[in-house]
Structure formats: C-alpha cells, structure tokens
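Colleague: Generate coordinates for the sequence data below:
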Amino acid sequence: MAEIVENILNEDGIGDVVVKKDIKTQLLNLGIQRGMSVLVDAQSDRLGYISGGSQTLIEALMEVIGYEGTIVMPAFTRNNLDPACHGAVNVVRESWNLVRENAVPFRKKLSVPSTKDPLVHQFLMNEGVFRSNHPIYSFAAWGKYAKIICDKHPLHFGLSKDSPLGKLSELNGYVLLLGCDYQDCTMFQMARYSGDQLPIKILSSPIEQNNHVTWIDMLDLNLNYQGFDVIGEVMEERKIVRSMYINTARCRFFSAREAVNIATAYFNINE
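Modeller: Numbering: from 1, shown residues only. Alright, predicted model coming up:
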C-alpha cells in the first residue's frame, strides 16, 4: 500500500516523500541529542514533500531534542521598519506618512514574521512557544530555556551578545541549518558586534505603549552577509560542521560558540 501511495505521489509530480521517522533519523545522525539548545535557520521548501508539512518537521525536532532541551528560531519582522529605514519594505516616498499614520505595533502573539518560509510561522502556533519582545529582531523558543532566552531582549543592537543569540551561545548551544546555506546563518551576525567594522544606524519601528502606538528609535549596525560563505568554508576545513541530507537538501549542524569565534576572527582580519 505504501508503494502505491508513493507511486501516485510521484506521478503527480510531488517527488520523494519525507515522513517524521526519516527526519528524526537524520537529526540523530547529525549528532543532535536530547537536552541540547539549538538555533534553527531553515529553507524548509528545499527539503521536499514532508508528510504533514511544517508541523511534522517541528514535532520531529521537539521529539529528538525534548522539552529538557530548547529550540530557537528567528521570527524577524522587518516589515515593521519605518519605510525610510534601510532594509524596509519598498514603499514610494509619497506614501511614507500614510504608512506611519496607520502603522500596526509589534505584538508578540500577532505580528507575522517577514520570512516566507512557513516553518517559523507554524512554530509560533505551538503550545509553550515564547517570543522575545523586539519589534524587528524577535526570536521564538520552546523548551527548558525558552523563557530565559527570550526574556529581556535589548532594543538597541538587537543581535548582539545580550540578545537571544548571546544567551544561546552561553548555554553552549548549537546551530542547525535546515536546507539553507551559510548565507542564512543568523548566529554569524552576533560576531559583527565585536569590532568597529560596520557603521551604526538608526532603526525606527512602532510599538504599543499605554494603548497607544509609539514610534521608537533603536541603534544598530548596518548588518550585511558578506563573508558568511567563506566563514562556513573555514568551519568545514576545521571539521567542526556535521552534515547530512534530507532528500537533496544539505543540512548542517555545529557549535554556536565555535561559529561565533571563527566569524569574529574573520571579520577582525578581513574588514
């Protein structure tokens, strides 16, 4: 019967089907263990057809890591930026005031992440998931240290060592790249705050205070992704990255602390 179903799916153009058991096996093969704290960056559409969709992937992660561990995902809302800010949604200048006057403030339970990947959207719907209170760089977390990681997320320099990234690194956490490249590794961004290579900019975003929408200004770096692929190559040369495939998508697993140390050294030398 299973062979018939797989053949039907293949005839319809879906391709190879991945089930929860397959994902759990591959996660264990990567070295992920119960009780670990893991930051997940993903392009889940590259993993192929997952029976049950994003929720199956989330449950596989939860069952392997367990509630004694912690799962963390970026839930960034760059669409909350003032239209004049670099990196904001492209809106014609004539409409900037209209956007500001009708802005919706950041709300932990309601604000939709700007990523198109469905994984974090689904993750936020699960029981016991906390979210940090940053209007641009919020993180979602589930498990033993979820509340600690998401608590007291500073508004200024939102991806620095005082952010959830720094807390995860202090917990000797790990990074899991699910189908995405080093270019999408959020943990590398923390290393950008260790030197004076990047200029400081101001981010503006609406928040809710005393039942009113208030625009706040936050200091941050003019972050970019330059050098991320090279850092990944260095990590692989030093054999600190474990990798495997789900379907044809390559997935990588490595120490958050080692990643930050190597990225920091690279930026200090090359920029």
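Colleague: quick one: the strands in the stretch 151-271 of the chain?
Modeller: For the stretch 151-271 of the chain, applying DSSP state E, counting those that start in this stretch gives strands covering 174-178, 200-209, 212-221, 242-246, 249-255.
Colleague: May I have the strands that pair with the host helix or strand of residue 41, each with its orientation?
Modeller: Under the criterion of DSSP states H and E, residue 41 resides in strand 37-42. Strand 37-42 sits in its sheet next to strand 70-74 (parallel), strand 174-178 (parallel), going by DSSP bridges.
Colleague: what comes into contact with the first one?
Modeller: Right, the one you point to is strand 70-74. Contacts with strand 70-74, where a contact means C-beta atoms under 8 Å, 6 or more residues apart in numbering, come from 36-42, 58, 61-62, 65, 113, 115, 119-120, 123, 137, 139-146, 149, 164, 168, 171, 173, 186. In this view, the C-beta of every residue, glycine as well, is placed from N, C-alpha and C.
Colleague: what sits up against the helix or strand following that strand?
Modeller: Once the chain leaves strand 70-74, the next helix or strand it forms, by DSSP H and E, is helix 96-101. Helix 96-101 is contacted by residues 82-84, 91, 215 when judged by C-beta under 8 Å, 6+ apart.
Colleague: if we can go back for a sec, need the winner for burial among the strands of the stretch 151-271 of the chain.
Modeller: Ranked by mean neighbour count, the strands of the stretch 151-271 of the chain are led by strand 174-178 with a mean of 25 (mean count of other C-beta atoms under 10 Å).
Colleague: Helix, strand or coil: sort out the nearest residue to residue 24 once chain neighbours are set aside for me.
Modeller: Spatial nearest neighbour of residue 24, excluding adjacent residues (C-beta to C-beta, 6 or more residues apart in numbering): residue 60 at 4.9 Å. Look at residue 60: counting by DSSP: H, G, I helix; E, B strand; the rest coil, its state is helix.
Colleague: so what's residue 60 up against?
Modeller: 20, 23-24, 27.
Colleague: And the pLDDT at it?
Modeller: pLDDT, residue 60: 98.
Colleague: Any buried residues in stretch 261-270, and which?
Modeller: Across stretch 261-270, burial judged by 16 or more other C-beta atoms under 10 Å covers 262-264, 266-267.
Colleague: Check whether residue 128 really touches residue 146, as I assumed.
Modeller: Yes. Residue 128 lies in contact with residue 146 (C-beta atoms under 8 Å); the separation is 7.3 Å.
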